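Undergrad: Please find the sequence and the predicted model below.
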Amino acid sequence: MVRPINTCVLGVGLSGLTFHAPFILALPDVFTLHSVLERNPRAEGGKVKERFDVNVKIHRSLDEVLADPDVELVIIGTPNYTHFDFAKAALNAGKHVLVDKPVTASVEQAKELGASAQSKGLVLYAFQNARWNSDFLALKKLLAEPETSPHSLGAITEFESHYDRFRRGLKGTWKDQALPAAGLTYDLGSHLIDQALCLFGRPARITAFIQNLRGLGNPDIDDSFTIYMQYDAGKRNPYLLTVILRSHTLSARSPQLRYIVRGVNGTYTKYGIDVQEAQLKVMSSPKEILEEQYGMEPESIWGTVEKIEADDLTVTKSTWPSSDAGAYIDLFKNLGAAIRDGGELAVKWEEATSVIELIELAHRSSRDGVTVPVPAAAS
């Protein structure tokens, strides 16, 4: 029997306790939650004991973690500005690494980490978990429908993707400070850009409007963005395609808009977001991840397909179900297989690097007020 992977989670805030520790605990045949980095535990056993009633080793410093010979995998769920330094140190200590998005603040840093992992034969995995959101899984299934399907949208001409919210004030955390990889474009933009790249590949040009809309805190820390990614007609898509990625921090609506996808034969509209985060925040046991209702969207927020009929006048509507449950657990299963069996990574590091590249180009476009060409991917 293959021994589970001894795992240390760095950070026991929202990321560590919500998006990482529960899945490590839910897969005992693949992982062991060996330890956490918790600098100042307020109670015996720390936050993991308090939340999940599980005893784990508590390290007080990164040096302690990296010096522990039993730790094989380090999960970096600490603030964005620490990602590069912590990942670099973990790789240098011979540990496999799962790092939260945004993986780094710059393309140069991402490339350095990728080269380090490759030279050492270690797994370096980007936590782009939104690929396993129920809404994105439903969208991918719709776009894969053949032209003969009554649900097919035809060739896509415009794709609009949102992560909006209403938040009038600052939260008073590190996210409001002028630190590397700060701001909403690095935060939520990492997900939106990654999903767009999965669907359509690299754009030809990018035009962005990145703002501190509320005028609060440091003016350089953005709280809203609109990014236009333009694709020329070609083999992948016969029409010009515009991808619009938006996150608005003063969006007063419920449920929030998620997708509008326009094709030559129809339009898909989707409201509401994946339910996994809300479930993970309140679940009492990681075993709930394995239950049938986990990750299942309510039918009330399933998407709608509108199709134009042969007369080019009549529009018919139908529901497109989000029938596949959200499945962040599949990311962790893939990570385990990559470490133990050398399996292919579902999220390749080059893809995560491209996300950071486009974020940098978006910031340059917004700062200079210009449309920026996107270079071809390095071969």
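TA: Yes, it's here.
Undergrad: buried stuff in the helix or strand containing Ser119?
TA: Taking DSSP states H and E as the criterion, Ser119 maps to helix 107-120. By neighbour count on 16 or more other Cβ atoms under 10 Å, the buried set for helix 107-120 is 107, 109-114, 116-117. Placement of C-beta: from N, CA and C, glycine included.
Undergrad: How about stretch 83-99?
TA: The neighbour-count check on stretch 83-99 (16+ other Cβ under 10 Å) flags 83-84, 86-91, 93, 95-99 as buried.
Undergrad: Inside strands: which ones of those residues?
TA: Using DSSP state E, the subset of those located in strands is 96-99.
Undergrad: and of these, the nearest to Tyr163?
TA: Val99 (20.4 Å; Cβ to Cβ).
Undergrad: Could you pull out the buried residues of stretch 177-193?
TA: Buried residues in stretch 177-193, counting neighbours by 16+ other Cβ under 10 Å, are found at 179-193.
Undergrad: Please identify which pair of those lies farthest apart.
TA: Leu179 and Leu192 (21.3 Å).
Undergrad: picking up where we left off before, turn the buried residues of stretch 83-99 into CSV, including distance to Leu197 and pLDDT.
TA: Compiled in CSV, these are given as follows (distance: Cβ to Cβ, whole Å; pLDDT from 0 to 100):
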residue, distance to Leu197, pLDDT
His83, 19, 98
Phe84, 21, 98
Phe86, 25, 99
Ala87, 21, 99
Lys88, 24, 99
Ala89, 28, 99
Ala90, 26, 99
Leu91, 24, 99
Ala93, 31, 99
Lys95, 28, 99
His96, 24, 99
Val97, 21, 99
Leu98, 20, 99
Val99, 18, 99
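Undergrad: farthest pair in those?
TA: The most widely separated members of the buried residues of stretch 83-99, counting by Cβ to Cβ, are Phe84 and His96 (16.6 Å).
Undergrad: and Ala278, how many neighbours?
TA: 10 (other Cβ atoms under 10 Å).
Undergrad: how close does Gly13 sit to Arg39?
TA: Gly13 sits 11 Å away from Arg39, going by Cβ to Cβ, to the nearest Å.
Undergrad: Which one's more surrounded, those two?
TA: Gly13 (14 against 11).
Undergrad: Without its sequence neighbours, what residue ends up closest to that one?
TA: Gly77 (7.2 Å; Cβ to Cβ, 6 or more residues apart in numbering).
Undergrad: pretty sure the one you found is touching Ala87, no?
TA: No. When contacts are counted by Cβ atoms under 8 Å, Gly77 is not listed as touching Ala87 (11.8 Å).
Undergrad: what sits in contact with each of these two?
TA: Taking Cβ atoms under 8 Å, 6 or more residues apart in numbering as the contact rule, Gly77 and Ala87 touch no residue in common.
Undergrad: which residues does Pro219 contact?
TA: So Pro219 contacts Asn212 (Cβ under 8 Å, 6+ apart).
Undergrad: Now the helix or strand containing Tyr186: average pLDDT?
TA: Assigned by DSSP H and E, Tyr186 belongs to helix 184-187. Across helix 184-187, pLDDT averages out at 98.
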